[in-house]
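**Student:** Requesting a structural model of the entry that follows:
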Amino acid sequence: MKVLYDHQAFYVDRVGGVTRYFNEIIRHMPDDVEMRIVAKTNMNIYVDDLLPNAWHIDCPQNRIGKKIVKTINQIHSLKEIYKGNFDIFHATNNEIYYLNHCRKPVVTTIHDMIYEKY
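**Tutor:** Residues are numbered from 1 along each chain as shown. Modelled structure (predicted):
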């Protein structure tokens with residue numbers, strides 16, 4: 001089985017509980033499950049070794065810098081979704097950019113709903 005993770009959790013923070021969670025899941029999957037993270041750019045220290053072809057960047061922590069990195073990653077993720085070389089797509093956050101494009105089963109993990117309350 002092939003599981004494709006998207007970029008959402010990995011481009012925002014250098015460290016954090018959510019990315020550490022995904023890192024541990026990927027590292028402890030059985031050998032017959034192929035896990036892949038689709039991120040063209042990455043700022044997270046936990047997944048550097050899991051993303052050998054990604055550019056590790058220290059993005060400016062402002063709105064414009066984050067938007068540029070997000071756009072690059074979304075384009076790359078959609079290209080991989082269109083290729084369809086996976087069995088399950090696992091979205092790592094709550095943005096639903098992939099819904100009209102993905103024709104495979106989707107899993108979404110949302111870790112914090114506090115922003116919905118405020």
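**Student:** Next SSE downstream of the lengthiest helix in the chain?
**Tutor:** Longest helix in the chain, counting residues (DSSP state H): helix 63-83. Counting by DSSP states H and E, the element after helix 63-83 in chain order, helix or strand, is strand 88-91.
**Student:** Pass me the low-pLDDT residue ranges in the protein, would you?
**Tutor:** 12, 42, 48-49, 51-61, 113-118 (pLDDT under 70).
**Student:** got the contact list for the closest residue to residue 70 other than its chain neighbours?
**Tutor:** Residue nearest to residue 70 in three dimensions, not counting chain neighbours: residue 11, with 6.4 Å by Cβ to Cβ, 6 or more residues apart in numbering. C-betas here are computed from N, CA, C, even on glycine. Listed by Cβ atoms under 8 Å, 6 or more residues apart in numbering, the contact partners of residue 11 are 39, 41, 42, 43, 44, 59, 66, 69, 70, 73.
**Student:** just so I have it, where are all the strands in this protein?
**Tutor:** Applying DSSP state E to the chain gives strands spanning 2-5, 34-37, 41-42, 55-56, 88-91, 106-108.
**Student:** could you dump the ones you listed to a markdown table with mean neighbour count?
**Tutor:** Compiled in a markdown table, the strands of the chain are given as follows (neighbours: other Cβ atoms under 10 Å):
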| stretch | mean neighbour count |
| --- | --- |
| strand 2-5 | 20 |
| strand 34-37 | 18 |
| strand 41-42 | 22 |
| strand 55-56 | 12 |
| strand 88-91 | 20 |
| strand 106-108 | 14 |
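**Student:** Next one: the residue positioned nearest the centre of the chain relative to residue 41, how far apart?
**Tutor:** With distances taken as Cα atoms, centre = their mean, the residue of the chain nearest its centroid is residue 7 (2.4 Å). Applying Cβ to Cβ, to the nearest Å, the value for residue 7 to residue 41 is 8 Å.
**Student:** Common neighbours of those two, please.
**Tutor:** With contacts defined as Cβ under 8 Å, 6+ apart, the residues adjacent to both residue 7 and residue 41 are residue 73.
**Student:** For the nearest residue to residue 94 once chain neighbours are set aside, give its distance to residue 8.
**Tutor:** Spatially, and ignoring its direct neighbours in sequence, residue 94 is nearest to residue 110 (5.1 Å; Cβ to Cβ, 6+ apart). With the distance defined as Cβ to Cβ, residue 110 ends up 11 Å from residue 8.
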